[in-house]
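Visitor: Predicted structure and sequence below. I'll ask about it afterward.
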Number of protein chains: 2
Amino acid sequence: MKIIVQKYGGSSVADVEKIKNVAAKIEKKIKDNLKLVVVVSAMGKTTDNLIKLAKEITSDAVPREMDMLLTTGEQVSASLLAIALNDIGVTSKSLNAFQAEIMTTADFNQARIKKLKTVKIKKLLKEYDAIIITGFQGITEEGEITTLGRGGSDTSAVALAAALKAKCEIYSDVAGIYTTDPRLHPEAKKLKYITYDEMLEMSSLGAKVLHSRSVEIAKKFGITIYCGSTFSDEEGSYVMKKNIEQPVVSGLSVMDNQTQVTLSSLPLDYTLVQKIFEKVAKEGLNVDMISVISNSGLNISFTIIEEKKSHIEKAITQLLKDMKDFNVHFQSGYTKISIVGIGMKSSSGVASKYFNALEKIPLKLVTTSEIKISCLVEERYKEKAVKSLVEAFDL
Amino acid sequence: MKIIVQKYGGSSVADVEKIKNVAAKIEKKIKDNLKLVVVVSAMGKTTDNLIKLAKEITSDAVPREMDMLLTTGEQVSASLLAIALNDIGVTSKSLNAFQAEIMTTADFNQARIKKLKTVKIKKLLKEYDAIIITGFQGITEEGEITTLGRGGSDTSAVALAAALKAKCEIYSDVAGIYTTDPRLHPEAKKLKYITYDEMLEMSSLGAKVLHSRSVEIAKKFGITIYCGSTFSDEEGSYVMKKNIEQPVVSGLSVMDNQTQVTLSSLPLDYTLVQKIFEKVAKEGLNVDMISVISNSGLNISFTIIEEKKSHIEKAITQLLKDMKDFNVHFQSGYTKISIVGIGMKSSSGVASKYFNALEKIPLKLVTTSEIKISCLVEERYKEKAVKSLVEAFDL
């Protein structure tokens, strides 16, 4: 019995016609003598609409109840897909997180998969052609419903593929992984191969192709992820261990709505750095592009997404309430632009080429990793910076 | 710890404002030192819309998947209500059928509750003010999701009340039980009390106040059901063992889209009657107003709902294919009008008053039980018949 795990995103099951289209794609695979485990997201804007409903009640909904609410979306698409499949003679059964026994931690809204029991799925696959599983969700040992965070269905699919030792195919409305977002930059090129590490950098930089956690799991278990289009037979991209083509720089990603937080004239006390980021982490806030410079005093700069500004401000003011003579400065309206490439590790001159391409643009902050260089620019320079980088690195 | 079970119907939780209104009603009870178990239906037209989605795929959806699909509706309203309650300081938690362990038979779309485990609910009530439970649904021993049939949330509520030995309050957009449908007949009177048997007759006759099965359970366990309005403080109705007021006739119900099936000139063979109704039952068809008259031959007449006509026709033709010289006649466009009242048992002259009231109207079929008289009339006589009966019995 050869099993493939497929995942279809929200835009692939956005309406009844699209669900029928997915059913037809599955039917083809079944005719090739394969057994399918299909993970689905919620239909189109369902999750957004449910969030909107909750927000109409309160801006501060109990996380546990939000997960109860949001997980209904995938149950709707999973059962409709099973109905469509059975209707064309593909025997199938949908399972929610309870039934599929997808065990997670109890971190509501951002749970992590702990354990996947595959005995039931394997047994059902002897009886059915395809098992449809609600993505994005799990349950705790205590029977609480959790979600894996936005985009978490990718993670459901990769984790299932790892547990079932199966191939993993992720389908969406984009036919693969591009050097940068093809919806914004039509000149973007599709990558045939990309490594786990490159993909992780891309994901964490805001590229919306794959949920970061799914790539981490794929890396851990050596699962090759195929990313293709639901709507065409165009060849997609492979996320795998080695990049067969190995270009120096494989992608560019852009993230808007960045705010730079700068703390200056702090006393030269390094425990402060630790205290600040500990406080920030405790509040559940994500910070990025951290840069610490010390000379006569300590200067700390980092970025956050704009909407977290007041939250961060409160946390820092509270923490440093007994200190005087330091400055906290918030500057919004920035965009982060990054280039990523596993080849950067071994290729010299990437940084020089990078700064050369951006020489006319004021860079507010620059951070680097082994396979990534990121800079922060005012939003009005975004277009120019992207264009220069795409040309310089042939993206 | 004094527990009340409340149930709110779909129109009571149709939108965010209405959900907040329900939350405020619950808050009042909590302030009276009560603990609440609240059963909710799906918001407004959610269930209808989900059925419509499935119908766009196929008219013949797998019943098991339909239940997966439809049960999402109550999970949405339950979690939103829990969000609204927590927001106003009423600690609460929503539970779906898995979590509440509502065990049913495996009859998809029309399952029956077999067992309710209350240990978890009772434990949670020590910690929370209110536990919100998804109505209409259950699970089987094998972990399959089932539904109890349209209106099944009433049954969920009454079964929970029976298991928790609690009072049961059912809230909807109608402030109680009326002698006939107040939306159609503004002259309808509200009943303060009605017995289980009267209510059962009313429900089976199409009165949409309570799910029949909920009344059966209430009768079995002696649970008094209070039916009131979600939107006003107007006093509602009590469904209970004894009708304290005991009027002779307590209600009138009207059911449209009836088709009369008449088989005449059958040979005088009584096993035929049994065979016919056995066949009809096997096909899952409901028949009503059965009347069998024999003289030289056998004449059988019964009613079905109009949409089942071709199904019944096929079944009967198949069964009687070897017989000749008999007639099957179908006549559609009929309305069934019934009066119900526990007092009829002991009160003479009800039948005479009934026929007197309807003397100018051609009655196609009449059937009676101890506490009910039903007649079948052409739809054009409906208004006149209802008016005459309402006047004659002071309904």
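Guide: Thanks, I have it.
Visitor: For the residue nearest to residue A:297 when sequence neighbours are not counted, report the pLDDT, please.
Guide: Nearest residue to residue A:297, sequence neighbours excluded (C-beta to C-beta, 6 or more residues apart in numbering or on different chains): residue A:265, at 4.9 Å. For glycine as for every other residue, the C-beta is placed from the backbone atoms N, C-alpha and C. Here, the pLDDT recorded for residue A:265 equals 81.
Visitor: what packs against the strand or helix carrying residue A:265?
Guide: Counting by DSSP states H and E, the element that carries residue A:265 is strand A:251-266. In terms of contacts (3 or more C-beta pairs under 8 Å, 6 or more residues apart in numbering or on different chains; DSSP states H and E), strand A:251-266 is packed against helix A:196-204, strand A:298-305, helix A:309-319, strand A:327-340, helix A:382-393.
Visitor: 6 Å instead?
Guide: Where contact means 3 or more C-beta pairs under 6 Å, 6 or more residues apart in numbering or on different chains; DSSP states H and E, strand A:251-266 is packed against strand A:298-305, strand A:327-340.
Visitor: Quick check: the residue nearest to residue A:297 touching residue A:329?
Guide: No. The pair residue A:265 and residue A:329 fails to qualify as a contact (C-beta atoms under 6 Å) at a distance of 10.6 Å.
Visitor: Residue A:272 is in what secondary structure piece?
Guide: helix A:271-282.
Visitor: how about that helix: buried residues?
Guide: Under the neighbour-count criterion of 16 or more other C-beta atoms under 10 Å in any protein chain shown, helix A:271-282 has A:272-273, A:276-277, A:279-280 buried.
Visitor: Pull the residues that contact it.
Guide: The set of residues external to helix A:271-282 that reach it, using C-beta atoms under 6 Å, 6 or more residues apart in numbering or on different chains, is A:266, A:287, A:292, A:315, A:319.
Visitor: Show me the shaky parts of chain A.
Guide: Filtered on pLDDT under 70, chain A yields the residue ranges A:204-208, A:243-247, A:345-348.
Visitor: Name the residues of the stretch 51-200 of chain A found near chain B, please.
Guide: Taking C-beta under 6 Å from any C-beta of the partner chain as the contact definition, the stretch 51-200 of chain A meets chain B at A:54, A:56-58, A:61-62, A:65, A:68-69, A:72, A:75-76, A:79, A:82-84, A:86-87, A:94, A:98-99, A:143.
Visitor: Now with 8 Å, please.
Guide: A:53-54, A:56-58, A:60-62, A:64-66, A:68-69, A:71-73, A:75-76, A:78-80, A:82-84, A:86-87, A:93-94, A:96, A:98-99, A:143-145 (C-beta under 8 Å from any C-beta of the partner chain).
Visitor: Buried subset of those residues, written for PyMOL?
Guide: Buried residues within these, by 16+ other C-beta under 10 Å, are selected in PyMOL with:
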select buried, chain A and resi 53+54+57+61+62+64+65+66+68+69+71+72+73+75+76+78+79+80+82+83+84+86+87+93+94+96+98+99+144+145
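Visitor: Restricted to helices, list the residues of the stretch 51-200 of chain A next to chain B.
Guide: A:53-54, A:56-57, A:64-66, A:68-69, A:72-73, A:75-76, A:78-80, A:82-84, A:86-87, A:98-99 (DSSP state H).
Visitor: Could you verify my assumption that residue A:37 touches residue A:128?
Guide: No. Assessed by C-beta atoms under 8 Å, residue A:37 is found out of contact with residue A:128, at 10.2 Å.
Visitor: quick one, which of these two is more surrounded?
Guide: Shown here are residue A:37 and residue A:128; by other C-beta atoms under 10 Å in any protein chain shown, residue A:37 has more neighbours (27 against 19).
Visitor: With chain B as the reference, measure out to that one.
Guide: Separation of residue A:37 from chain B (C-beta to the nearest C-beta, to the nearest Å): 17 Å.
Visitor: residue contacts, that residue?
Guide: A:3-6, A:121, A:125, A:130-131, A:133, A:160, A:164, A:166 (C-beta atoms under 8 Å, 6 or more residues apart in numbering or on different chains).
Visitor: quick one on the thing from earlier: surely the residue nearest to residue A:297 meets residue A:328?
Guide: No. Using C-beta under 8 Å, residue A:265 is not in contact with residue A:328, being 10.1 Å away.
Visitor: Tell me which of the two has more neighbours.
Guide: Neighbour tally, residue A:265 and residue A:328, criterion other C-beta under 10 Å: the higher count belongs to residue A:328, 15 against 12.
Visitor: and the gap between the more buried one and chain B?
Guide: From residue A:328 to chain B the distance is 32 Å (C-beta to the nearest C-beta).
Visitor: from what I can see that residue touches residue A:316, true?
Guide: Yes. Contact criterion C-beta under 8 Å: residue A:328 and residue A:316 qualify, at 6.0 Å.
Visitor: contacting residues for the residue nearest to residue A:297?
Guide: A:297, A:299, A:325-327.
Visitor: For residue A:166, see how far away it is.
Guide: 57 Å (C-beta to C-beta, to the nearest Å).
Visitor: next one: residue A:55
Guide: Using C-beta to C-beta, residue A:55 is found at 38 Å from residue A:166.
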